[in-house]
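S.K.: Coordinates only, no sequence provided:
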Ligand code: MTE
């Protein structure tokens with residue numbers, strides 16, 4: 001997460017992108033709720049209503065910054081249609097001065113651009129099915145992406161509202177209508193106030209209006225979303241409508257109940273278990289000899305692999321090692337990390353391995369500077385979250 005902070009005037013002078021972007025934000029209102037740039041992209045739709053899609057892994061590992069039209073989409077309801085001119089973000093709860101802020105009001109705060117990797121807690125869920133079927137979107141390893149996010153620090157906006165001493169958690173509520181138990185609820189989350197205040201500039205959580213230098217697309221939360229670097233994607237609420245300071249965690253279903261690692265789903269399990277906040281370390285193989293991993297029929301000899309690795313969301317975590325095995329984990333070689341390092345960001349890696357007719361699978365695993373590592377196996381959980389066991393690709397070597 002690198003923060004660049006320049007004034008709005010400098011930004012306009014320095015880059016045409018932001019100026020263009022402001023005009024595009026208006027045009028986006030004319031779009032129907034379910035269209036976006038992703039219609040033209042390479043995404044594989046796991047469901048179309050709501051829109052849940054991931055890129056093919058061979059495309060995903062081509063660039064450190066994931067192009068927006070190749071960035072996974074995870075939505076629980078249709079995209080709400082929001083008029084950016086009428087839009088107001090409400091700041092309420094334990095604050096001295098409740099606020100109702102237009103996008104222009106928000107943009108009076110210093111602007112930050114941060115690069116951060118976003119991933120769904122359900123990334124690689126499909127692998128749990130080998131133990132027992134799990135419901136939910138059947139993600140392979142593509143529910144992850146790295147983007148630049150431009151917006152303002154939530155900490156600055158909370159300062160403007162005057163957060164009271166008793167506030168411990170900051171709730172986010174989206175403007176989407178998610179069907180739930182016969183009714184309709186918004187998608188919501190909360191994060192501890194300490195996370196919001198993280199870093200010298202207090203950019204542990206951002207109120208974001210641009211992704212990769214362009215206004216957010218409808219799929220990614222237009223006109224405003226939160227981004228919480230290092231936390232699971234579910235805490236980065238899209239189509240953000242309100243921010244509430246509270247002594248308690250959010251009562252919203254997606255914080256209070258869903259997004260927990262439980263083996264059963266009875267009420268006792270749910271209430272005994274804490275919500276997931278931080279990402280776990282993860283890695284995957286994206287290409288074999290430059291091809292999609294599904295085509296894994298190989299000739300004996302040296303094989304070139306490429307993939308991604310993301311450190312855990314622990315503060316200061318850096319990828320330590322990415323390791324590969326062609327003999328079911330008996331011996332390991334080390335991959336080369338191929339791009340710069342940035343906090344809360346993934347890295348791409350490449351490696352050459354030598355396969356023989358005895359090689360039955362390629363395996364990747366990783367560990368980070370904070371002691372987090374990918375285990376050989378992850379215990380099954382009912383919602384299929386945090387699958388970060390060794391990533392295996394079956395191969396046939398002739
Ligand atoms: N915010 C709202 N309002 N509604 C949602 O369904 N999905 C969450 C989060 N924010 C969601 C949301 C989940 S589970 C994830 S993983 C990320 O958004 C995905 O963000 P993306 O679609 O921009 O990749």
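M.R.: Right, received. Where do you want to start? Not measured: the values here are computed from a predicted model.
S.K.: rest of the way, CA atoms for contacts and neighbours
M.R.: OK.
S.K.: residues in this structure within reach of the ligand, list them.
M.R.: 72-76, 119-120, 174, 176, 187, 220, 233-234, 236-239 (C-alpha under 6 Å from any ligand atom).
S.K.: try 8 Å
M.R.: 52, 71-77, 118-122, 143-145, 173-176, 178, 186-188, 219-221, 225, 232-240 (C-alpha under 8 Å from any ligand atom).
S.K.: Provide a PyMOL selection command restricted to the buried entries of those.
M.R.: Here is the PyMOL command that selects the buried residues among these (16 or more other C-alpha atoms under 10 Å):
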select buried, resi 52+71+72+73+74+75+77+118+119+120+121+122+143+144+145+173+174+175+176+178+186+187+188+219+220+221+225+232+233+234+235+236+237+238+239+240
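S.K.: Give me the subset of the residues of the chain next to the ligand that lies in strands.
M.R.: For those, the ones inside strands are 52, 73-74, 118-119, 144-145, 173-174, 178, 188, 225, 240, with DSSP state E as the criterion.
S.K.: So of these, which two are at opposite extremes in space?
M.R.: 145 and 178 (24.1 Å; C-alpha to C-alpha).
S.K.: Mind listing what's buried along stretch 378-393?
M.R.: Within stretch 378-393, the residues that count as buried by 16+ other C-alpha under 10 Å are 380-393.
S.K.: Tell me where the stretch 101-250 of the chain has helices.
M.R.: 103-106, 154-161, 193-196 (DSSP state H, counting those that start in this stretch).
S.K.: try the stretch 251-398 of the chain
M.R.: Ranges of helices within the stretch 251-398 of the chain are 253-256, 267-272, based on DSSP H, counting those that start in this stretch.
S.K.: closest to residue 126 out of these?
M.R.: Taking the helices of the stretch 251-398 of the chain one by one with C-alpha to C-alpha, helix 253-256 is closest: 20.7 Å.
S.K.: mean confidence score for the closest one?
M.R.: Across helix 253-256, the average pLDDT comes to 98.
S.K.: Check what contacts it and list those residues.
M.R.: Contact with helix 253-256 is made by 187-190, 234, 249-250, 275, as judged by C-alpha atoms under 8 Å, 6 or more residues apart in numbering.
S.K.: go again using 10 Å as the cut-off
M.R.: 171, 180, 185-191, 234-235, 249-250, 259-260, 270-271, 273-277 (C-alpha atoms under 10 Å, 6 or more residues apart in numbering).
S.K.: Just the buried ones among the residues you listed, please.
M.R.: 171, 185-191, 234-235, 249-250, 259-260, 270, 275-277.
S.K.: Closest to the centroid, which residue in this protein?
M.R.: Nearest residue to the geometric centre of the chain (C-alpha atoms, centre = their mean): residue 118, 1.9 Å.
S.K.: What residues are recorded as beta-bridge partners of it?
M.R.: Residue 118 has these beta-bridge partners by DSSP bridges: residue 145.
S.K.: need the contact list for it.
M.R.: Contact analysis of residue 118 by C-alpha under 10 Å, 6+ apart lists 71-72, 143-147, 227-236, 279, 310, 344-346.
S.K.: Does residue 176 touch residue 241 like I think?
M.R.: Yes. Using C-alpha atoms under 10 Å, residue 176 makes contact with residue 241 at a distance of 9.0 Å.
S.K.: Quickly list what's touching both of the two.
M.R.: When contacts are counted by C-alpha under 10 Å, 6+ apart, residue 176 and residue 241 are jointly contacted by 186, 188.
S.K.: list the buried ones in stretch 89-105?
M.R.: Counting neighbours by 16+ other C-alpha under 10 Å, stretch 89-105 gives 89-95, 97-100, 103 as buried.
S.K.: Just the terminal-to-terminal distance for that stretch.
M.R.: Distance between the two ends of stretch 89-105: 10 Å, counting by C-alpha to C-alpha, to the nearest Å.
S.K.: could you give me the average pLDDT of that stretch?
M.R.: pLDDT averaged over stretch 89-105 gives 98.
S.K.: and for it, what are the contacting residues?
M.R.: Stretch 89-105 is contacted from outside by 84-88, 106-107, 157-173, 209, 223-224, 239-247, using C-alpha under 10 Å, 6+ apart.
S.K.: from these, which would you call buried?
M.R.: Buried among those by 16+ other C-alpha under 10 Å: 84, 88, 106, 157-158, 160-161, 163-164, 167-173, 209, 223-224, 239-247.
S.K.: what's the distance between residue 354 and residue 330?
M.R.: In terms of C-alpha to C-alpha, residue 354 sits 14 Å off from residue 330.
S.K.: which regions of this protein sit below the pLDDT cut-off?
M.R.: Low-confidence segments of the chain (pLDDT under 70): 1-41, 295.
S.K.: Could you rerun that using 90?
M.R.: Residues of the chain meeting the criterion pLDDT under 90: 1-42, 199-203, 265-266, 292-297, 340.
S.K.: Save the helices of the stretch 101-250 of the chain as TSV, and put in distance to residue 202 too.
M.R.: Below are the helices of the stretch 101-250 of the chain laid out as TSV (distance: least, C-alpha to C-alpha, whole Å):
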stretch	distance to residue 202
helix 103-106	16
helix 154-161	6
helix 193-196	6
